[in-house]
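K.L.:
What follows is a protein structure lacking sequence information:
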């Protein structure tokens, strides 16, 4: 904010404490972090899931030249892609350009990412014997390129906005490691858990241990907060979600509690908002199928909610987007709220629609 | 029941009224219908969504010989497939073997059903101009083969169990008519509704009018109850669900209220269970992501709940299935409850697992 034209009316909202914290974090815009800590802010922070990616022509230009893992593993490319939406759309946080499947890759499984087809793991885990093919790796040996990308991104961002690190939730990672590809139901992954529960818990623990080391190293490299994506949490019943997913997310949140702020996003798992809050996380992502007030009632007052614009609504005309975004902001009300989509942005969203979303949040007065 | 070995302890639960109703309906087993009407029954009725289909070797044998629409359009094949699970698995109701996409087909759109690929509608609806290509058809001209299949099935069932008719909810049908194929997000269908709302409502009304005529004719042909499948209702926010989906489901329920019992199943739309109950429907399908007691709290006491076993759990070992089914039955408690899956049965479920599901319900004592 301080690198913008001087604005007295905004400035009067700052306290000496705010200025001190901003100075200490080296961040000119720390709206996201203050919101996660439950502090008052002068306006609602906004970012978009998968904001670095396929809807941006600047990203598509790089995709023409480099393969997916080339973009992920080359720190200067990853940095460029991470920063694009900050420059082009004006979001209040950058999220590292990477993929949740670097974790199974680092554990020893082959992962192919074919642009139009989605991920393929040609040798998925099915038996106890298969576990011998994977390990809990030294993340500095296997994922150093991620930490290098974080350091370079922080340097290039130069304190403009915070950088969000991330990882998949262990259950979501297991889905791919067992099913071997995307699926609507992940029935093979579920059957694996139901028929070989001991083996499933062994695998989940290995993923969890890797993820904890991975996220701690991301924090050490410089990310300001992390998000745990449980994209397939919503496929599980409440009991199974507790047993197969949340149990391991809880371990991750506990391991990070003295090191950074944590956002959990388990798409569709509305039934467990309260249990997720009780992990001690600071942020909770929600999708558009739950109303803001209902989510607040389930989650309680002590967590920042994040979401929940229907990504398909960004295909609407701009005046409709503006109207619906304002309605969403009003419904969430003041405080402990981060504007975002309810899931990843679609590749066919026009950039000016994404910008209309961000601008509407940034100019909104409650 | 009366065609089974005579069982005094069961028989004592019958009242003269029960026997009269059974005589009048010509049904030997009317557990499903009595449960929908909120009457007491001697045990919980059970059937399975998509029970006539791909998990049965007897079905797969017919699939080798006949194309999908050949099986659907030939009343004697459709009858054979409809009755297979009654004979093989022992369910308490038959559901007509057909497909929700016969409606867009009857309205004038080409529908291809490719077994491993799912449905394809090569000329989807995108503009006002496209509406000229479709119409609200005379269902007797276009869908007579369905009514013939119903008559033949009723004859072959000979009162053993009730026959369930069905149709897709208008929103779910619109999804396919606009998107032209299956999708995880149906973003094009949603964008169609958000950018051209008047056109969308015109199309939804045409589908609704067709569906009402279609279901009324199914009832006239002999089905004992109907289910409305809103497979993609859960992709919508609560407000959009009301505006794009439930508004039209409500019209259908109202049109049928003096003719038959209606079950609504909008997968994932947990937020609207109360509004769905208020349509006056007698049954409400729920998936496994909502706990029985929560669903009952949302829906209130005046409707029969149906569900909600996770279809992937049928891949578990039989003792696990038995244990989990009993737990589900206990959670739903006595009365106004129909045991079912929370979505369609998976094609890779062993038949003896499906049978274990059904048998566990049939031998369960609350």
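P.N.:
That came through, no problem. Remember, it's a predicted structure, so these values are computed and weren't measured experimentally. Numbers count the residues shown, from 1 in each chain, chains lettered A, B, ... in the order given.
K.L.:
got any ranges where the stretch 251-366 of chain A has weak pLDDT?
P.N.:
Within the stretch 251-366 of chain A, no range satisfies pLDDT under 70.
K.L.:
The closest residue to chain B within the stretch 1-150 of chain A: how many residues sit nearby?
P.N.:
Taking CB to the nearest CB as the measure, the stretch 1-150 of chain A has residue A:118 as its residue closest to chain B, at 10.3 Å. C-beta: built from backbone N, CA, C; applies to glycine. Other residues within reach of residue A:118, judged by other CB atoms under 10 Å in any protein chain shown, total 12.
K.L.:
Repeat that for residue A:330.
P.N.:
The number of residues packed near residue A:330 is 12, by other CB under 10 Å.
K.L.:
what's it in contact with, if anything?
P.N.:
For residue A:330, the contact set (CB atoms under 8 Å, 6 or more residues apart in numbering or on different chains) comprises residue A:366.
K.L.:
Okay, and it sits in which element?
P.N.:
Secondary-structure assignment from DSSP states H and E places residue A:330 in helix A:318-332.
K.L.:
And residue A:69, by the same measure?
P.N.:
With DSSP H and E as the test, residue A:69 turns up in helix A:68-73.
K.L.:
what's that helix packed up against?
P.N.:
helix A:75-88 (3 or more CB pairs under 8 Å, 6 or more residues apart in numbering or on different chains; DSSP states H and E).
K.L.:
Packing partners of the helix it packs on?
P.N.:
helix A:57-65, helix A:68-73, strand A:94-95, helix A:144-157, helix A:351-362.
K.L.:
7 Å - rerun?
P.N.:
helix A:57-65, helix A:68-73, strand A:94-95, helix A:144-157 (3 or more CB pairs under 7 Å, 6 or more residues apart in numbering or on different chains; DSSP states H and E).
K.L.:
Pairing partners for the third one, with directions?
P.N.:
Strand A:94-95 pairs in its sheet with strand A:163-168 (parallel), by DSSP bridges.
K.L.:
Now do the strand it pairs with, average pLDDT.
P.N.:
Model confidence over strand A:163-168, given as mean pLDDT, is 98.
K.L.:
so how far is it from its chain's centroid?
P.N.:
Offset of strand A:163-168 from its chain centre (CA atoms, centre = their mean, to the nearest Å): 5 Å.
K.L.:
Quick one: name whatever helix or strand follows it.
P.N.:
Following strand A:163-168 toward the C-terminus (DSSP H and E): helix A:170-179.
K.L.:
Touching that following helix from outside, list them.
P.N.:
Residues from elsewhere that reach helix A:170-179 (CB atoms under 7 Å, 6 or more residues apart in numbering or on different chains): A:100-101, A:103-104, A:109, A:119, A:121, A:124-126, A:186, A:188-189, A:192, A:203-204, A:207-208, A:211, A:229-233, A:244-245, A:248.
K.L.:
how big is the angle separating it from strand A:163-168?
P.N.:
On the basis of axes from the mean of the first three to the mean of the last three CA atoms, to 10 degrees, helix A:170-179 is oriented at 50 degrees to strand A:163-168.
K.L.:
Please state the offset of helix A:170-179 from the chain centre?
P.N.:
Counting by CA atoms, centre = their mean, helix A:170-179 comes out at 17 Å from the chain centroid.
K.L.:
tell me which residues of the lengthiest helix in chain A are tucked away?
P.N.:
As assigned by DSSP state H, the longest helix anywhere in chain A is helix A:197-221. For helix A:197-221, the neighbour count (16 or more other CB atoms under 10 Å in any protein chain shown) marks A:199-201, A:203-204, A:206-219, A:221 as buried.
K.L.:
re earlier: after the helix holding residue A:330, which helix or strand is next?
P.N.:
Assigned by DSSP H and E, the successor of helix A:318-332 is strand A:337-341.
K.L.:
Quick test: name the residue nearest the centre of chain A.
P.N.:
residue A:227 (4.2 Å; CA atoms, centre = their mean).
K.L.:
What distance do you get for that residue to chain B?
P.N.:
In this structure, residue A:227 and chain B are 21 Å apart, going by CB to the nearest CB, to the nearest Å.
K.L.:
Could you tell me the average pLDDT over the helix or strand containing residue A:193, please?
P.N.:
In the assignment (DSSP H and E), residue A:193 maps to helix A:187-195. Regarding helix A:187-195, the rounded mean pLDDT is 96.
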